[in-house]
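Colleague: A structural model of the following input is requested.
(2 chains)
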Amino acid sequence: MSRRTSPVIPGFGLTLGYTLVYLGLLVLIPLGALFVHAAQLSWSEFCAIISAPRVLAALKLSFATAFAAAIINGIIGTLLAWALVRYRFPGRKLIEAMIDLPFALPTAVAGIALTALYAPSGLVGQFASDLGLKIAYTPIGICLALTFVTLPFVVRTLQPVLADIPREVEEAAACLGAKPLQVFRHVLLPALLPAWLTGFSLAFARGVGEYGSVIFIAGNMPMKTEILPLLIMVKLDQYDYSGATAIGVLMLLVSFILLLSINLLQRQIGKA
Amino acid sequence: MSSITLTASASANAARRGNLLGRRLLILGTWLAFMLFLLLPLLVVLGEALKQGLGTFLGAIFEADALSALKLTLLAVGISVPLNLLFGVAAAWCVSKYQFRGKSLLVTLIDLPFSVSPVIAGLVYVLLFGAQGLFGEWLQEHDIQIVFALPGIVLATLFVTLPFVARELIPLMQEQGTQEEEAARLLGAGGWQMFWHVTRPNIQWALIYGVVLCSARAMGEFGAVSVVSGHIRGYTNTLPLHVEILYNEYNHVAAFSVASLLLLLALLILLLKQWSESRINRLKAGAGEE
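Modeller: Numbers count the residues shown, from 1 in each chain, chains lettered A, B, ... in the order given. Coordinates of the predicted model:
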């Protein structure tokens, strides 16, 4: 291992060793066990499990709702970050502090609170059902729960970047005759996009794996509103460890491929 | 020349006027999003909990199973947060104070638990330590219970909350560099003296910030703990799992009562977070003035 360490600061071996052992024991070996367990299945068995209609339906639902929630957060989160960084208004400090509530609140509490609100008999749900819109126990409800749980990601990654763009840059562009849309397209977007993508992918990854907040509002009907993590849970309850493992591996692989492509996209933008 | 300045300032003014309308709409939208998205769920939890009066509310919280769930949750937080704190400091130290090959891979691996579903985090420990797991037989022979007991709950919590402290410390310590530590060493400080008197004051608020986030997640973790807990009421039920059981038994008032206890803890965590954040900002502002 080639290293350029500061010769006078002690503790390199100790801290690196401890970090690697801890990480290995808690994360890497256990995740490795998942793949070892999956490798005991033959390829055709693995394919049979993951191509079952119920699994495919859950896969589609999980990734589609997580994607939709990340997009919604990408829009709402950008507007929130903008208002919080650029404007001073009554209640700003309170809202600023409360943005992190979804991270501090246990997901099960978020789940039952949102269900109580958006169920057909709930405070908001009854208005929606008057309009013929069903929120709880449909994919819309799942998307709503995911949007709530991942709300802080985009806001929190954009805020420091926005704060660093001096206002004068936009004003200069406006003075040179740029229309607001042009200012956004040519001045703000390039500066914000990398951070936006980071927030987006964090929200997306969290949304795909999220369990606690979703299971209450989803209704959990197989083929319709059953998410992938719940399906792993169902298989485990039936002592179908191979099934649970295969779905777990599938989920990890799809998430990693997606995150990797977002990462590559980000590097491409960084170069341009 | 002057006409150019005039049109420029006119268009800047027009932009500002457009901005004013946009600004009002945006502030209104922010308030709406805040009330609909954050305030309303919070009020619903408290409202549902107090539906049948304070007596029922307190009764549900001081019920024996709820209290033992609270105890288990606090125990799991009490064990896992200090361990991840120690890990976070060690990881941030080796990543930020030295250059070595594979460093960016290490940072990626530290973040890995964030992109793994909590249910999978629970699943891997069942595959390792469950009755049919890799070490299942050996554990049974030696009469050690990991899954469906406290060790499993702690392991799952550790996995899910592993990156929090390291993530807060790494960027800060990278920014701070190594000069102060080197100076301390050259002046004759021992390793531990250097850490305690030079590094610790620089990182302590970020450390508290990381610990607060870590505790929040540890207290509220549901998916991972749900897989390894076995849901034995009064024994392996944490508070969030207790909420689920009550809710599924249609005991909504009790479920929301216990949930509001967790909500109060969450608000306390937000307060602590705000406090440590303001201290970090004050330190940064102070450093900027020097």
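Colleague: quick one, phi/psi of the residue of the stretch 51-200 of chain B found nearest chain A?
Modeller: Nearest residue of the stretch 51-200 of chain B to chain A, counting by Cβ to the nearest Cβ: B:S117, 2.8 Å away. To be clear about C-beta, it is placed using only N, CA and C from the backbone, and glycine gets the same treatment. With angles defined as degrees, to the nearest 10, B:S117 sits at phi -60, psi 140.
Colleague: just give the number of residues close to it.
Modeller: The burial count assigned to B:S117 is 26, neighbours taken as other Cβ atoms under 10 Å in any protein chain shown.
Colleague: how close does the nearest residue to A:P160 once chain neighbours are set aside get to chain B?
Modeller: The shortest distance from A:P160 to any non-neighbouring residue, by Cβ to Cβ, 6 or more residues apart in numbering or on different chains, is to A:A195 (7.9 Å). For A:A195, the distance to chain B (Cβ to the nearest Cβ, to the nearest Å) stands at 14 Å.
Colleague: now do the helix ranked longest in chain B: distance to the chain's middle.
Modeller: In chain B, assigned by DSSP state H, the helix with the most residues is helix B:252-289. Here helix B:252-289 is found 10 Å from its chain centre; the criterion is Cα atoms, centre = their mean, to the nearest Å.
Colleague: buried ones in it?
Modeller: Buried residues in helix B:252-289, counted by 16 or more other Cβ atoms under 10 Å in any protein chain shown: B:252-263, B:265-267, B:269-270, B:272-274, B:276-277, B:280, B:283.
Colleague: within reach of chain A, which of the residues you listed are there?
Modeller: When Cβ under 8 Å from any Cβ of the partner chain is applied, the members of those adjacent to chain A are B:252, B:255-256, B:259, B:262-263, B:266-267, B:269-270, B:273-274.
Colleague: how about the helix or strand containing B:V160 and chain A, touching?
Modeller: Take DSSP states H and E as the rule and B:V160 turns out to sit in helix B:150-161. Yes - contact of helix B:150-161 with chain A is found when judged by Cβ under 8 Å from any Cβ, involving B:155, B:158-159.
Colleague: so where do the helices sit in the stretch 51-200 of chain A?
Modeller: With DSSP state H, counting those that start in this stretch, the ranges of helices along the stretch 51-200 of chain A come out as A:53-86, A:92-98, A:101-104, A:107-118, A:125-130, A:139-149, A:151-164, A:167-175, A:180-183, A:189-209.
Colleague: any chance of those helices in a markdown table with mean neighbour count and distance to A:L228 as columns?
Modeller: What follows is those, written out as a markdown table (neighbours: other Cβ atoms under 10 Å in any protein chain shown; distance: least, Cβ to Cβ, whole Å):
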| stretch | mean neighbour count | distance to A:L228 |
| --- | --- | --- |
| helix A:53-86 | 20 | 4 |
| helix A:92-98 | 16 | 30 |
| helix A:101-104 | 23 | 21 |
| helix A:107-118 | 27 | 16 |
| helix A:125-130 | 14 | 25 |
| helix A:139-149 | 24 | 11 |
| helix A:151-164 | 20 | 20 |
| helix A:167-175 | 15 | 43 |
| helix A:180-183 | 14 | 39 |
| helix A:189-209 | 21 | 7 |
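Colleague: let me have those helices in TSV, extended by distance to B:L241 and mean pLDDT.
Modeller: TSV is the format used below for the helices of the stretch 51-200 of chain A (distance: least, Cβ to Cβ, whole Å; pLDDT from 0 to 100):
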stretch	distance to B:L241	mean pLDDT
helix A:53-86	22	94
helix A:92-98	26	91
helix A:101-104	18	92
helix A:107-118	8	94
helix A:125-130	26	87
helix A:139-149	18	95
helix A:151-164	24	91
helix A:167-175	49	81
helix A:180-183	50	79
helix A:189-209	18	90
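Colleague: ok, now which ones touch the nearest residue to B:L162 once chain neighbours are set aside?
Modeller: Once flanking residues are discounted, B:L162 sits nearest to B:P113: 5.0 Å by Cβ to Cβ, 6+ apart. By Cβ atoms under 8 Å, 6 or more residues apart in numbering or on different chains, the contact set of B:P113 is A:27, B:121, B:159-163.
Colleague: repeat for B:L272
Modeller: B:208, B:212.
Colleague: can I assume B:I170 is in contact with B:A91?
Modeller: Yes - counting by Cβ atoms under 8 Å, B:I170 does reach B:A91; the two are 7.5 Å apart.
Colleague: next secondary structure after the one helix or strand B:V81 maps to?
Modeller: In this structure, B:V81 sits in helix B:64-97 according to DSSP H and E. Using DSSP H and E, the helix or strand that follows helix B:64-97 in sequence is strand B:99-100.
Colleague: so, low pLDDT: which residues of the stretch 1-150 of chain B?
Modeller: B:1-18 (pLDDT under 70).
Colleague: try 50 this time
Modeller: B:1 (pLDDT under 50).
Colleague: please tell me how far the residue nearest to B:F87 when sequence neighbours are not counted sits from B:S80.
Modeller: Distances taken as Cβ to Cβ, 6+ apart put A:Y22 closest to B:F87, at 5.0 Å, once the chain neighbours are dropped. According to Cβ to Cβ, to the nearest Å, A:Y22 and B:S80 sit 12 Å apart.
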